[in-house]
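1. got a sequence here, can you build the structure:
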Amino acid sequence: MMQIKTKIQVETATVTDDAPLKVGILGGTFNPPHYGHLMIGEQVADQLHLDQIRFMPNALPPHVDEKKTIDAKDRVNMVRAAIMGNRQFDIELSEVLRGGKSYTYDTMAALKEAHPNVEYYFIIGGDEVAYLPTWHRIDDLLELVHFVGVHRKGQPTETDYPVEWVEMPQLEISSTDIRQRIAEHRSVRYLVPDMVAAYIFKEGLYLND
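-> Have a look, this model is predicted:
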């Protein structure tokens, strides 16, 4: 049985710089991570032929109102549990370790400086594309990453920004709904990976939502 870590490891996974890699970054609160997140990672990697997908938990997201979020340690451990068994998936701890509000430009500038030979693909929901003009230093960010939009049927794709669209099967799963189900002592089986569910119940998370 997997031993769940109770502390955030300060080191991040190593990216090899001796050969160019195509790496997708999927950021989010992951409160908790669920099968929808994993499906996005899998489909983006498959359709764009990426070498790796890195799930990047944030500390305090800058683009939404402050909301109730559990400790980063638990969210990191749940992401690790969720991606276990997929060698193409990894975790990126840059924003959690830096703390505070996370601006994508600052994060990606630091990653690009550390790994100049890596080609980064930043994954966002199709509904987020319309808000790209409001992002911090968006024009500079476009010099650092390729934007990938997760497209679902019925969503518009018009944008003035260069976005690579990836078609996604319809899967209605949300972290908000999962937290509510747990608070009401309802089943979340097949909504989150078994190891994530085991961690949630072991630590007694979301019971007071």
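
2. low-scoring stretches of the protein, by residue?
-> By pLDDT under 70, the low-scoring segments of the chain are 1-19, 61-68, 209.

3. spell out, range by range, the helices that occur in it.
-> Here the chain has its helices, by DSSP state H, at 35-48, 72-83, 94-98, 104-114, 138-141, 175-183, 194-203.

4. what's the closest of these to Thr157?
-> Nearest of those to Thr157, taken as CB to CB: helix 35-48 at 14.8 Å. Backbone N, C-alpha and C define where each C-beta goes, glycine included.

5. quick one: distance of the closest one to the chain centre.
-> Relative to the centre of its chain, helix 35-48 is centred 11 Å away, using CA atoms, centre = their mean, to the nearest Å.

6. and what of stretch 72-79?
-> With CA atoms, centre = their mean, you get 12 Å for stretch 72-79.

7. one step back: the helices of the chain into CSV, with extra columns for mean neighbour count?
-> Below are the helices of the chain laid out as CSV (neighbours: other CB atoms under 10 Å):
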stretch, mean neighbour count
helix 35-48, 18
helix 72-83, 22
helix 94-98, 19
helix 104-114, 17
helix 138-141, 14
helix 175-183, 17
helix 194-203, 17
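
8. okay, those in CSV with distance to Val163 next?
-> Converted to CSV, these look like this (distance: least, CB to CB, whole Å):
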stretch, distance to Val163
helix 35-48, 12
helix 72-83, 25
helix 94-98, 22
helix 104-114, 14
helix 138-141, 12
helix 175-183, 24
helix 194-203, 30
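
9. so for Val166, which of the ones you listed sits nearest?
-> Closest among these, using CB to CB: helix 35-48, at 4.9 Å.

10. and that closest one, what other elements does it pack with?
-> Helices and strands touching helix 35-48, by 3 or more CB pairs under 8 Å, 6 or more residues apart in numbering; DSSP states H and E, are strand 21-28, strand 52-57, helix 72-83, strand 118-125, strand 145-151, strand 163-167.

11. which of those sits most buried?
-> strand 52-57 (a mean of 24; mean count of other CB atoms under 10 Å).
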